[in-house]
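> here is the input, now give the coordinates:
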Amino acid sequence: MQYKTSAAQSDQDQERNSRSGPDGLFEMPASRATEQEAPAGGLPAARTYHEEQIQKAITWFTSYLRSEREGYYAIGRPLDSGLRERMDGYFETELLDRVRVLELRDRRVENPWFYPIAREEGVRHLPDITHKAAVTFLDVVVFNEKLTSRDLFHGLVHAAQVSVLGLDVFVELFVRGFLRARSYFLVPLKAQAFSLDARFAANPNDRFSVEEEIREWRRDRRY
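Prediction:
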């Protein structure tokens, strides 16, 4: 089985410095994929990804999220009363009870362990995790910088996506979405988180169910 992405798509959005989310997805190296010739004067060639390449990416990303979650969750803290009040009504009680947050001091989240392997294989455009404001590892949101309500909300959207969709489905949607879009910021799971955190920031008093938004996107096959 092969999987195609269009090289014509590119990043049009600039990342806010205060964004969170699961990072570490990558573009598979050209040496291990095939490219179709573009017609003269046409769009850049489309790249074809083999299923085994996609499955390797899924396996690496799943392992990364699980291992980082185990380490950070143990030293994270529950939401305090103020943060809990800000997030209450947007997220289900069970998630808010379970989630942990952690502000790092004198260090930052390190890049994924598979980055050196990926670079050796010619992988380009790996997101630098050390420059992210925060990163979500399943149900723990780790902040490289000071915790803010909007960054926390964004991170909790990803935690809710994992909770509603299940880890396996979340990772597969993320990987395949990235390969389709060839852009981290255009992955539907990321696009939804950006959209919802913007809605939250625009009117913090307008409560809505994030989990219901996720279920609606799943029903509509928007991922």
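> phi, psi of the closest residue to residue 207 other than its chain neighbours?
Spatial nearest neighbour of residue 207, chain neighbours left out: residue 89 (3.7 Å); criterion: CB to CB, 6 or more residues apart in numbering. C-beta coordinates here come from the backbone N, C-alpha and C atoms, glycine included. Residue 89 adopts backbone torsions of phi 100, psi -30, taken as degrees, to the nearest 10.
> what's the answer for residue 220, then?
Dihedral angles for residue 220 - degrees, to the nearest 10 - are phi -80, psi 0.
> tell me the spacing between it and residue 200.
21 Å (CB to CB, to the nearest Å).
> all helices of this protein, in order?
51-73, 81-87, 93-98, 115-120, 149-165, 167-181, 188-202, 210-219 (DSSP state H).
> so what secondary structure elements neighbour the longest one?
Put plainly, it is helix 51-73. Other elements packing on helix 51-73 under the criterion 3 or more CB pairs under 8 Å, 6 or more residues apart in numbering; DSSP states H and E are strand 2-5, strand 100-103, strand 134-137, strand 140-143, helix 167-181.
> make it 6 Å
Judged by 3 or more CB pairs under 6 Å, 6 or more residues apart in numbering; DSSP states H and E, helix 51-73 is in contact with strand 134-137, strand 140-143, helix 167-181.
> switch the ones you listed over to a markdown table; also include mean pLDDT.
Shown next, in a markdown table, are those (pLDDT from 0 to 100):
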| stretch | mean pLDDT |
| --- | --- |
| strand 134-137 | 96 |
| strand 140-143 | 98 |
| helix 167-181 | 89 |
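> relative to residue 57, which of these is closest?
Proximity to residue 57 (CB to CB) singles out helix 167-181 among the helices and strands packed on helix 51-73, at 5.0 Å.
> now do the closest one against helix 210-219, angle only.
60 degrees (axes from the mean of the first three to the mean of the last three CA atoms, to 10 degrees).
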